[in-house]
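Peer 1: Fold the stuff below for me.
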Amino acid sequence: TLWNLSSYEPLKMVIIDHGLQTLTHEVIVPHSGWEREPNEDSKPRDAEWTTVFKNTSGCLRNVSSDGAEARRRLRECEGLVDALLHALQSAVGRKDTDNKSVENCVCIMRNLSYHVHKEVPGADRYQEAEPGPPGSATGSQRRRRDDASCFGGKKAKGKKDGEVDQNFDTLDLPKRTEAAKGEWTE
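Peer 2: Below is the predicted model:
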């Protein structure tokens, strides 16, 4: 029921205000297998893909999409990100990634990473300055334009394929000379 309610926009911040701490500390952290202070002699525990974990992660997935304040609150919730990362690492380690709980955890992490470079205090100090010739767009000017899309280019409405809006930088990807190769490990 809470997962369903969490998709209703007016209730998202209410759920964060009144349920985030409890959902994180009573469900996500214990079922993720993550321990705040693991014993030296105990091995790391695996995540438990229970129905309550699936439903709670689904609820947090919905509320994590509510905007900057929701993302900030979830990022700052003690243990949440650590527990989600531990659960995902556990799933990968056990090759058990094809389930709704993993999907929910990945989506929460994706949502929490959205605009992190703008929303986390002091994050700009980790940005590398882009050197450029005098008079060119550099550093923060270039970053603002690049925010338009993943690769900095954007097809404007009404433009034909191949035409690019001149307000955005473009990225020319090199043509492949060989087929892509990957390595499959068991």
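Peer 1: any idea of the pLDDT on the closest residue to residue 24 other than its chain neighbours?
Peer 2: Nearest non-adjacent residue to residue 24, counting by CB to CB, 6 or more residues apart in numbering: residue 80, 4.8 Å away. Placement of C-beta: from N, CA and C, glycine included. Note for residue 80: predicted pLDDT of 97.
Peer 1: what's the answer for residue 182, then?
Peer 2: So residue 182 comes in at 45 (pLDDT).
Peer 1: now the end-to-end length of stretch 29-45.
Peer 2: Terminal residues of stretch 29-45 are spaced 11 Å apart (CA to CA, to the nearest Å).
Peer 1: average pLDDT across that stretch?
Peer 2: Rounded mean pLDDT across stretch 29-45 is 79.
Peer 1: same check, this time on stretch 104-123
Peer 2: On average, stretch 104-123 scores 88.
Peer 1: circling back to that earlier point, residues touching the residue nearest to residue 24, list them.
Peer 2: 20, 24, 28, 29, 60, 74 (CB atoms under 8 Å, 6 or more residues apart in numbering).
Peer 1: where's it relative to residue 98, distance?
Peer 2: Relative to residue 98, residue 80 is positioned 23 Å away (CB to CB, to the nearest Å).
Peer 1: Verify the contact between residue 60 and residue 28 for me.
Peer 2: Yes. Between residue 60 and residue 28 there is a contact under CB atoms under 8 Å: 7.2 Å.
Peer 1: ok, the two, which is more surrounded?
Peer 2: residue 60 (30 against 26; other CB atoms under 10 Å).
Peer 1: mind checking which helix or strand that one is in?
Peer 2: Using DSSP states H and E, residue 60 sits within helix 51-63.
Peer 1: Pull out the buried positions in whichever helix or strand comes after that helix.
Peer 2: Downstream of helix 51-63, the next assigned helix or strand under DSSP H and E is helix 68-76. Burial within helix 68-76, assessed by neighbour count using 16 or more other CB atoms under 10 Å, is assigned to 70, 71, 73, 74.
Peer 1: Please report how far the residue lying closest to residue 63 once chain neighbours are set aside lies from residue 70.
Peer 2: Nearest non-adjacent residue to residue 63, counting by CB to CB, 6+ apart: residue 12, 4.6 Å away. In this structure, residue 12 and residue 70 are 6 Å apart, going by CB to CB.
Peer 1: Identify the contacts common to those two.
Peer 2: Residues within reach of residue 12 and of residue 70 at once, by CB under 8 Å, 6+ apart, are residue 63.
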